[in-house]
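Student: here are the coordinates; sequence isn't available:
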């Protein structure tokens, strides 16, 4: 394999890292390597593979510096890459060999490197990373036979890169009316799917329906009919909500507190706090979770209704 070209990019300003439990040890070894090179590291820690990939992808995507890149690790390196790639401007690739890393940088300007904690030793990961960080876009690579790209392919790579950078962004050349009727080719598939999502009943909460508009971290619009009661329950993650319309009461049983909410009111409920809810009017609210959506019941509906009635009397 040819060595990376001598015109390699300078080290990035910052590497953002993250991993799940299966990639944690490899991620920690790589953080030590990065720091030994003098590269600033922002370590997001250890979480599920979808949360790790999403968080690193989100931060790389929102960074104002083109020098900010990501490094993610899970058991296979595939899951973290999939979730990192959900964000505009992120080009994550799972690399098991040095050749993979050089190809990914040369062909796709890969800015998030995904490594396998199960298949890649720390020593091999260092080799992969070093090749990845030193290889410029469009440089000779194994896929090109270690020869410079032809002018035709070089032009194709330039155009494909500029097209990729527009993924997730609406075209400014299309009229607002046309955007409402047609999906722009440059629109992010995830955003398009969210646009078409419908409200579905919350099976374990009679009277409620929910439309999830973003996955992990989750955002949703929730509606409940007047008189509905949510039995005491808790979530793995904390959540924020803002009431769009209506009126509701929330009992935080863990903290022994009650809050009455109306249109425009905001409430944060910490992870694990057990809470019960009563809807006094038809109510709609926007809610976000710090992670994926889940729910664990701590009482049945009849017990909850009885408790609410006793509170009212």
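Tutor: Noted; the coordinates are in hand. Keep in mind it's a predicted model, so treat the numbers as computed, not measured. Numbering: from 1, shown residues only.

Student: output the lowest mean pLDDT helix or strand found in this structure.
Tutor: Sorting the helices and strands of the chain by mean pLDDT, DSSP states H and E puts helix 176-181 at the bottom, at a mean of 42.

Student: leaving out sequence neighbours, find the closest residue to residue 35.
Tutor: residue 41 (6.1 Å; C-beta to C-beta, 6 or more residues apart in numbering). In this view, the C-beta of every residue, glycine as well, is placed from N, C-alpha and C.

Student: repeat that for residue 46.
Tutor: The spatial neighbour of residue 46 that comes closest, neighbours along the chain excluded (C-beta to C-beta, 6+ apart), is residue 24 at 4.7 Å.

Student: tell me the contacts of the one you found?
Tutor: By C-beta atoms under 8 Å, 6 or more residues apart in numbering, residue 24 lies in contact with 46, 73, 117.

Student: quick one, which of these are buried?
Tutor: Neighbour counting over those (16 or more other C-beta atoms under 10 Å) leaves 46, 73, 117 as the buried ones.

Student: relative to residue 117, how far out is the residue nearest to residue 46?
Tutor: 7 Å (C-beta to C-beta, to the nearest Å).

Student: anything in contact with each of the two?
Tutor: Counting by C-beta under 8 Å, 6+ apart, the common neighbours of residue 24 and residue 117 are residue 73.

Student: enumerate every residue touching the residue positioned nearest the centre of the chain.
Tutor: Closest residue to the average C-alpha location of the chain: residue 54 at 2.6 Å, with C-alpha atoms, centre = their mean. By C-beta under 8 Å, 6+ apart, the contact list for residue 54 reads 83, 84, 86, 87, 216, 217.

Student: ok, those vs residue 144, which is closest?
Tutor: residue 84 (25.6 Å; C-beta to C-beta).

Student: just give the closest residue to that closest one, not the sequence neighbours.
Tutor: Closest to residue 84 by C-beta to C-beta, 6+ apart is residue 57, at 3.4 Å.

Student: right, and that neighbour touches residue 111 too?
Tutor: No. Look at residue 57 against residue 111 with C-beta atoms under 8 Å: they stay out of range, at 10.0 Å.

Student: touching both of these two, which residues are there?
Tutor: Common neighbours of residue 57 and residue 111, using C-beta under 8 Å, 6+ apart, are 70, 90, 92.

Student: so the second one touches residue 70, yeah?
Tutor: It refers to residue 90. Yes. The pair residue 90 / residue 70 is scored as a contact, 7.4 Å apart, by C-beta under 8 Å.
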